[in-house]
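Student: turn this into a model:
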Amino acid sequence: MKKKKEMDENHLSFKKLLLWKSSDVSAAWVNVIALTYLSVYASDTLGIDIRLVGTLLLASKIIDAITDLFAGILVDNTHTKWGKGRPYEIAIVGETLCTLLMFAASPSWSLAAKCVWLFVTYMFTYSIFATLRNAANVPYTIRAFSNNKVVIRKVASYGGIITMATSILLSIVFPIIVSKVATSAAGWTAAVAIVMVPATLIGVLRFIFIKEDPKVDAEAIQEPIRFKELALLFRKNKYVWFFAFMMLAFNLMTNLAVSTYYFKWILGNIGFLSVFSAISMLTLPVMAIFPKIMQKLGMCRMIILFAIMSIVGYIIIFFAGTNVYIVMIGGVLSSLATLPLSYYGVLFIMNICDYNEIIGLPRMDGSSQILSNLSSKVGAALGSFVTGIVLAAGGYVSASGVSEQSASALLSIRADYALIPILLLFIIIICCKEFEKLEKLLAEKKAAEASNPETAAQ
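Tutor: Sure, this is the predicted structure:
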């Protein structure tokens, strides 16, 4: 039985799955800490106005616009003995190290020094290291799993369970660490170090043990990708834009950085974040049946269905008030939309690359991600920016030692936590409806090739 599994080209060993997801786990831990806690750390510990914090993070995206552009082309033109995408995997070390440094500022520094420190460390984390790693992700995935879409779907589905489970575990544990350790600026540094040190050790496992399959590129003509091809991609392939807008809305929604404010001021205990994260474990079994749901509905229809359920969840949360139990019920529903979008990006990009070939362009495995990677980071930064604007409009007071907020400030927190995600989910649904047309086109093309293999070969 074991030999039969090993001979099956669609078999995915659990060992390889764990090694492959090691880097994603570390990157997810970086996001949990940097995108969830940086804003409240900067405003409530360093004393930086929340609007200024959001502006700093948003400003770093200007650099992202440049680095994303060059990273995609760089990866597409990379041909080394290690492969195309694998060499850039070591960037995970830079992500974890810069995240630790991000939380190492001192309240005694001048406002300018604190702002520069946060800007530079955040910029290196996401604009340099995360950009390189994300640009290489699809090419590395395709070559690590021999361009087998069946296996890659399994990696996305079952690997997503691993990433989410470990992220939830961190989301449960880290608020407890914060409440006990992060009582000062130095305490915040210690709390983040407790996570980032093991994250670094785990993150390098993929780079060390997972090699690329040289047969994937054996028959391909390695033509250089230039800005000319990139311009044609943006002009002729509309689906890169739909996916970019989808990722913008998704990342803005998941990075509003308002959860700590919501649990602190609305529910009255930031420690409830741990309970909330623990309940999210209930959604993990759903991910195990993603391949079957996708087979029946298609990827886009599945995302639309989950988005509608999430909208219902956010409506429940908004009207729940301070009732923790109702908030938890709404939280389980609202988290459903994030599941497929978090882990199926590689399949969207592979479909975009397939469409590139249909319209006469190179596949551009790396460059096809440029817009979506950029929009993802802009969305993540806009999350903090939008939260800063909404909370400031409500009269939120950013200072150490504040014991209460005004009614308008509390309402702004509730709106930011529940109503803005609803608007963003509608954008995701619209984009998915358009992307569904590409799914249908590729399915028809695959069926035509299966019925007439001679034409396909030509």
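Student: what about the strands in the protein?
Tutor: Using DSSP state E, no strands are assigned anywhere in the chain.
Student: most centrally placed residue in it?
Tutor: For the chain, Ser342 is the residue whose C-alpha lies nearest the centre (C-alpha atoms, centre = their mean; 5.8 Å).
Student: contacting residues around Trp109?
Tutor: By C-beta atoms under 8 Å, 6 or more residues apart in numbering, the residues touching Trp109 are Trp117. Any C-beta I mention is one placed from the backbone N, CA and C, and that applies to glycine too.
Student: and it, what pLDDT?
Tutor: For Trp109, the model assigns a pLDDT of 95.
Student: what about the protein, any weak spots by pLDDT?
Tutor: Applying pLDDT under 70 to the chain flags the ranges 1-8, 217-223, 399-400, 453-458.
Student: rerun that using 50 as the cut-off
Tutor: 1, 457-458 (pLDDT under 50).
Student: need the longest helix for it.
Tutor: In the chain, taking DSSP state H as the definition, the longest helix is helix 407-451.
Student: quick one: contacts for Ile194?
Tutor: With C-beta under 8 Å, 6+ apart, Ile194 has these contacts: Ile177, Val181.
Student: ok, it to Val178 distance?
Tutor: 10 Å (C-beta to C-beta, to the nearest Å).
Student: show me what the longest helix of the chain is packed against.
Tutor: Applying 3 or more C-beta pairs under 8 Å, 6 or more residues apart in numbering; DSSP states H and E, one finds that helix 407-451 contacts helix 239-254, helix 259-261, helix 299-318, helix 345-358, helix 370-393, helix 453-457.
Student: how about those helices in JSON lines, adding distance to Trp29 and mean neighbour count?
Tutor: Formatted as JSON lines, the helices and strands packed on helix 407-451 follow (distance: least, C-beta to C-beta, whole Å; neighbours: other C-beta atoms under 10 Å):
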{"stretch": "helix 239-254", "distance to Trp29": "15", "mean neighbour count": "23"}
{"stretch": "helix 259-261", "distance to Trp29": "16", "mean neighbour count": "23"}
{"stretch": "helix 299-318", "distance to Trp29": "24", "mean neighbour count": "21"}
{"stretch": "helix 345-358", "distance to Trp29": "18", "mean neighbour count": "20"}
{"stretch": "helix 370-393", "distance to Trp29": "15", "mean neighbour count": "24"}
{"stretch": "helix 453-457", "distance to Trp29": "43", "mean neighbour count": "9"}
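Student: I'd say Ser274 and Val173 touch.
Tutor: Yes. At 7.3 Å, Ser274 counts as touching Val173 under the criterion of C-beta atoms under 8 Å.
Student: neighbour-wise, which of the two wins?
Tutor: Ser274 (20 against 14; other C-beta atoms under 10 Å).
Student: list the residues that contact the more buried one.
Tutor: Residues near Ser274 by C-beta under 8 Å, 6+ apart: Ser171, Ile172, Val173, Pro175, Ile176.
Student: name the nearest of these relative to Asn323.
Tutor: Among the contacts of Ser274, Pro175 lies closest to Asn323 (C-beta to C-beta), at 20.1 Å.
Student: next, the buried residues of stretch 66-77.
Tutor: Thr67, Asp68, Leu69, Ala71, Gly72, Ile73, Leu74, Val75, Asp76 (16 or more other C-beta atoms under 10 Å).
Student: which of those sits closest to Ser157?
Tutor: Closest to Ser157, out of all of the buried residues of stretch 66-77 and judged by C-beta to C-beta, is Val75, at 24.9 Å.
Student: got a list of what that closest one touches?
Tutor: For Val75, the contact set (C-beta under 8 Å, 6+ apart) comprises Lys84, Gly85, Tyr88, Leu132, Ala135, Ala136, Pro139, Asp365, Gly366, Ser367.
Student: again, 10 Å this time
Tutor: Val75 makes contact with 84-85, 87-88, 132, 134-140, 225, 364-367, 369-370, according to C-beta atoms under 10 Å, 6 or more residues apart in numbering.
Student: weed out the non-buried ones from the residues you listed.
Tutor: Looking at the contacts of Val75 with 16+ other C-beta under 10 Å, the buried ones turn out to be 84-85, 87-88, 132, 134-140, 225, 364-367, 369-370.
Student: and Ile315, what is it in contact with?
Tutor: Gly330, Leu333, Ser334, Ala418, Leu419, Ile422 are the contacts of Ile315 under C-beta under 10 Å, 6+ apart.
Student: ok so, going back, filter the contacts of Val75 down to just the ones in helices.
Tutor: Using DSSP H, those in helices are Leu132, Asn134, Ala135, Ala136, Asn137, Val138, Pro139, Tyr140, Ile370.
Student: which one is Met281 nearest to, not counting chain neighbours?
Tutor: Ile168 (5.7 Å; C-beta to C-beta, 6 or more residues apart in numbering).
Student: test my guess that that neighbour contacts Leu273.
Tutor: No. Counting by C-beta atoms under 10 Å, Ile168 stays clear of Leu273, with 11.1 Å between them.
Student: list just the nearest of the contacts of Ile315 to Ile208.
Tutor: Out of these, the member with the shortest distance to Ile208 (by C-beta to C-beta) is Ser334, at 37.5 Å.
Student: do a quick rundown of the helices in the stretch 101-250 of the chain.
Tutor: 111-123, 131-144, 149-181, 185-203, 205-209, 227-236, 239-254 (DSSP state H, counting those that start in this stretch).
Student: and the first one, what does it pack against?
Tutor: Using 3 or more C-beta pairs under 10 Å, 6 or more residues apart in numbering; DSSP states H and E as the contact test, the elements touching helix 111-123 are helix 14-44, helix 50-76, helix 91-102.
Student: now the shortest one - C-alpha only, PDB.
Tutor: Only the C-alpha atoms of helix 91-102 are listed here, as PDB (Å, rounded to 0.1, in the frame of the first residue of the first chain):
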ATOM      1  CA  ALA A  91      14.000  36.000   3.000                       C
ATOM      2  CA  ILE A  92      11.800  34.500   5.700                       C
ATOM      3  CA  VAL A  93      14.700  35.100   8.100                       C
ATOM      4  CA  GLY A  94      14.600  38.800   7.300                       C
ATOM      5  CA  GLU A  95      10.900  38.900   7.900                       C
ATOM      6  CA  THR A  96      11.100  37.500  11.400                       C
ATOM      7  CA  LEU A  97      14.200  39.500  12.400                       C
ATOM      8  CA  CYS A  98      12.700  42.800  11.300                       C
ATOM      9  CA  THR A  99       9.400  42.000  13.000                       C
ATOM     10  CA  LEU A 100      11.300  41.600  16.300                       C
ATOM     11  CA  LEU A 101      13.100  45.000  15.700                       C
ATOM     12  CA  MET A 102       9.700  46.600  14.900                       C
END
